[in-house]
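Trainee: Below are the sequence and a predicted model for it; my questions follow.
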Amino acid sequence: MLRELRRVAVAADALIEQCVHERLSLRAILDRFLPRLEGWLGAHGVLVTTRNEHLVEESYTWGAWNVLGGADLEHEEGRAVAVGTSTLLWMRLVLGGVEVGRVAVLLDGDRTSTADAHAVRLVLETIFAELDVVLEDVHTAAHKQRLIVELEELLADPVFERGVDRAVALLHREIHARDFVLVYRDEVEHGHLRYRTYRDGKLTHANDGTSGAHEALETAIAERGEALLEPGAELGAVRGGVETLLSTGITGAHWLGKVVCAAGAHGFSTFALDVVQVMSAAMSQRLVDFNRERRHLAQFFAPAVIAELLRDAHYHDKHLTPREETIAVLYADINSFTKISEQVLERPAAIAEFVNRWSAGAVELLWKHGGVFDKMVGDCVIGLFGPPFFRDSIAARSRAALEAARAIAAFTSSLEREAPYDRIPGSGIVAGLGVAIGLNTCPMACGLMGPNLDYTGFSSGMNNTARLQSLAGFRETLAMDSFCELVGEMPGVAFSAVMEAPVKNVKLPLRYRRLTFT
């Protein structure tokens, strides 16, 4: 009996080895394998039910399988049962203690005696033991593929941080990842690194305000900055572990971030390492998309506003779809910009540097006071107050716009103390650096619009604000009378009497006041 078992095992092993070498599918392997049971076992019908490469249960048959398909397999496993002039016997296919399928064979003649049934079962177990390696590979590969798809789906969550949290939790359940650290570059706040650390699949530290800071990581970031993203740089948050660099995959591109994943005392299996690598690749792509989304929003909104928007999976529909609201508008234009450019700064590079320096400061002040940067027209900065959440009152929006105007006016004047702009006051060409500002409160349709999906607003009130700003003189701020009524009395602000100015293509004259900041 032992000699027969060995002969069958060697034959089955050789056949399986050849099939694996040819990289055949499970169906192709069984198409070769099952007919051989006629010679090895005296079978004339075989039915195998197991999961295929997609982890979908499938039946594989040979010979008189129709008899087996209709047979009752609920009798005792391994017990031979007479079916007409044949004998039916079935057994479970088990991998690692888990049932992964069943095999039933229809044998020639009467094989129902206990000794005969036992011998048949031994041969059947020997034959299908050789198939275990194939079934294990199929199930492992299919399970890994399903796990990868699930990880990618989790990371595709519109809320980036939530997707990472769920993916890490799944990673812990599947491969027992004990520690996981993600450090990544902030593409909006340049030079700033963000991080999230996990223990046993649960978030422990983050520097985005959702969890406490990690002392060692904070120290490492303060000391080394973006150099921590370089290969081999120690994060100080995890001892040991597998390090994976996150990149765009483009040659020469900078590192997006870094993942360090650590297992327990016995380390990771090959399966686990493959999953970590694939997850890191998926996270790299998600970071590319996430940063692209943030860079687009950063054209209009302050970093804190972007963070709040992106914590809501439906932020686009809820907050950025065009809607009509009454908002405050600010237009700020550099006084005598043309003269300064042509007669003082002269060189195009110097002019561009001046515009960049001033506009960056002006936009920062818009954001500081709760505004949205609409656009820049020439050297004029336009700000909207109210979007994107529209939480505060119209009066509060107007007061915020006024405070931003005061800050921008002071900032612009202060620039003339910096080189090379300190040449402007003594040039004899203009009195100095100043800004002309127009303020208004009006109904407006605002949201992401146009082919580039810019956040902007449209209304006749927007046009009137532009006209009002054009009336303002050197270091002068003008505000519509309706705007001033909403603001009311404010410390350090004086309002002139109401003035009127007829403007082209507008039926009624503009009613406005001059504001003096004291």
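Mentor: Sure thing, it's come through.

Trainee: Tell me the predicted confidence for the closest residue to residue 407 other than its chain neighbours.
Mentor: Leaving out its chain neighbours, the residue that sits closest to residue 407 by C-beta to C-beta, 6 or more residues apart in numbering is residue 365, at 4.5 Å. No exception for glycine: its C-beta is placed from N, CA and C like everyone else's. Note on residue 365: pLDDT of 97.

Trainee: What is the helix or strand where residue 365 lies packed up against?
Mentor: Using DSSP states H and E, residue 365 sits in helix 348-368. The helices and strands touching helix 348-368, judged by 3 or more C-beta pairs under 8 Å, 6 or more residues apart in numbering; DSSP states H and E, are strand 323-334, strand 371-377, strand 380-385, helix 394-414.

Trainee: can you do 6 Å?
Mentor: strand 371-377, strand 380-385, helix 394-414 (3 or more C-beta pairs under 6 Å, 6 or more residues apart in numbering; DSSP states H and E).

Trainee: got the angle for the shortest one vs helix 394-414?
Mentor: Yep, that's strand 380-385 we're talking about. 150 degrees (axes from the mean of the first three to the mean of the last three C-alpha atoms, to 10 degrees).

Trainee: can you start the count at 429 instead of 1 from here on
Mentor: Understood, numbering begins at 429; the last thing we discussed is strand 808-813.

Trainee: So for the longest strand seen in the chain, mean pLDDT?
Mentor: Scanning the chain for the strand with the most residues, using DSSP state E, yields strand 863-877. Computed over strand 863-877, the mean pLDDT rounds to 96.

Trainee: Other residues contacting it?
Mentor: Strand 863-877 has contacts (C-beta atoms under 6 Å, 6 or more residues apart in numbering) with 748-752, 754-763, 815, 826, 829, 833, 837, 840, 883-887, 889, 893, 896-897, 900, 904-908, 911, 914.

Trainee: Switch the helices and strands packed on helix 776-796 over to TSV; also include mean pLDDT.
Mentor: Formatted as TSV, these follow (pLDDT from 0 to 100):
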stretch	mean pLDDT
strand 799-805	94
strand 808-813	97
helix 822-842	96
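
Trainee: Measure how buried residue 713 is and give me the count.
Mentor: Neighbour count for residue 713, taken as other C-beta atoms under 10 Å: 16.

Trainee: Kindly report the same for the one 3 residues further on.
Mentor: Here the number of neighbours of residue 716 (other C-beta under 10 Å) works out to 18.

Trainee: just the one 3 residues further on next, same as before
Mentor: Taking other C-beta under 10 Å as the neighbour definition, residue 719 ends up with a count of 20.

Trainee: Low-confidence ranges, the protein, go.
Mentor: By pLDDT under 70, the low-scoring segments of the chain are 429, 495-503, 677-681.

Trainee: for the longest strand of the chain, which positions count as buried?
Mentor: For strand 863-877, the neighbour count (16 or more other C-beta atoms under 10 Å) marks 863-870, 872, 874-877 as buried.

Trainee: Do I have it right that residue 622 meets residue 616?
Mentor: No: the criterion here is C-beta atoms under 6 Å, and residue 622 misses it with residue 616 at 10.3 Å.

Trainee: Tell me which residues of the lengthiest helix in the chain come out buried.
Mentor: In terms of residue count, the longest helix belonging to the chain (DSSP state H) is helix 698-725. Within helix 698-725, the residues scored as buried using 16+ other C-beta under 10 Å are 700-704, 706-716, 718-719, 721-722, 724-725.

Trainee: go on, stretch 561-580?
Mentor: For stretch 561-580, by 16+ other C-beta under 10 Å, it's 562-563, 566-567, 570, 572, 575-576, 579-580.

Trainee: With secondary structure as added columns, please give the residues you listed in TSV.
Mentor: Shown next, in TSV, are those (DSSP: H, G, I helix; E, B strand; the rest coil):
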residue	secondary structure
562	helix
563	helix
566	helix
567	helix
570	helix
572	helix
575	helix
576	helix
579	helix
580	helix
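
Trainee: Between these, which sits nearest residue 463?
Mentor: residue 562 (16.3 Å; C-beta to C-beta).

Trainee: Let me see the ranges of the strands in the stretch 529-678 of the chain.
Mentor: Applying DSSP state E, counting those that start in this stretch to the stretch 529-678 of the chain gives strands spanning 607-613, 621-627, 630-634, 670-675.

Trainee: what's the most buried one of those strands?
Mentor: strand 607-613 (a mean of 24; mean count of other C-beta atoms under 10 Å).

Trainee: List the contacts of that strand.
Mentor: Applying C-beta under 6 Å, 6+ apart, the contact partners of strand 607-613 are 596, 621-627, 663, 665-666, 684-690, 715.

Trainee: got the angle between it and strand 670-675?
Mentor: Using the same axes, to 10 degrees: strand 607-613 against strand 670-675 is 20 degrees.

Trainee: Please report how far the nearest residue to residue 591 once chain neighbours are set aside lies from residue 686.
Mentor: Nearest non-adjacent residue to residue 591, counting by C-beta to C-beta, 6+ apart: residue 585, 3.1 Å away. Remark: distance between residue 585 and residue 686 (C-beta to C-beta, to the nearest Å) = 21 Å.

Trainee: and these two? which has more neighbours close in?
Mentor: residue 686 (24 against 16).

Trainee: shouldn't that one be in contact with residue 657?
Mentor: Yes: contact criterion C-beta under 6 Å: residue 686 and residue 657 qualify, at 5.3 Å.

Trainee: picking up where we left off before, so which of the strands of the stretch 529-678 of the chain gets nearest residue 936?
Mentor: Using C-beta to C-beta, the nearest of those to residue 936 is strand 621-627, at 51.6 Å.

Trainee: other SSEs contacting the closest one?
Mentor: Packed next to strand 621-627, using 3+ C-beta pairs under 6 Å, 6+ apart, are strand 607-613, strand 630-634.

Trainee: Sheet-wise, list the partners of the last one with their directions.
Mentor: Right, strand 630-634. Sheet pairing of strand 630-634 (DSSP bridges) gives strand 621-627 (antiparallel).

Trainee: so where do the helices sit in the stretch 429-578 of the chain?
Mentor: Secondary structure of the stretch 429-578 of the chain, counting by DSSP state H, counting those that start in this stretch: helices at 430-449, 454-461, 465-469, 493-497, 542-557, 560-583.

Trainee: Same list (the ones you listed) but as TSV, adding distance to residue 846.
Mentor: Shown next, in TSV, are the helices of the stretch 429-578 of the chain (distance: least, C-beta to C-beta, whole Å):
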stretch	distance to residue 846
helix 430-449	73
helix 454-461	73
helix 465-469	89
helix 493-497	88
helix 542-557	82
helix 560-583	45
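
Trainee: For residue 651, which of those helices is the nearest?
Mentor: Across the helices of the stretch 429-578 of the chain, closest to residue 651 is helix 560-583 (C-beta to C-beta), at 30.2 Å.

Trainee: which residues touch the closest one?
Mentor: The contact list for helix 560-583 (C-beta under 6 Å, 6+ apart) reads 454, 457, 481, 483, 523, 528, 591, 594-595, 602, 706-707, 710, 714.

Trainee: quick one, it and helix 430-449 angle?
Mentor: Using the same axes, to 10 degrees, helix 560-583 lies at 40 degrees relative to helix 430-449.

Trainee: quick revisit: just the closest of the buried residues of strand 863-877 to residue 443, please.
Mentor: When the buried residues of strand 863-877 are ranked by distance to residue 443 (C-beta to C-beta), residue 876 comes first, at 62.6 Å.

Trainee: now that closest one: how far from residue 825?
Mentor: Counting by C-beta to C-beta - residue 876 and residue 825 are separated by 20 Å.

Trainee: partners of the residue nearest to residue 657 when sequence neighbours are not counted in the sheet?
Mentor: With sequence-adjacent residues excluded and distances taken as C-beta to C-beta, 6+ apart, residue 657 is closest to residue 683, at 4.2 Å. For residue 683, the beta-bridge partners are residue 675 (DSSP bridges).

Trainee: got a list of what residue 683 touches?
Mentor: Here residue 683 is in contact with 657, 673, 675 (C-beta under 6 Å, 6+ apart).
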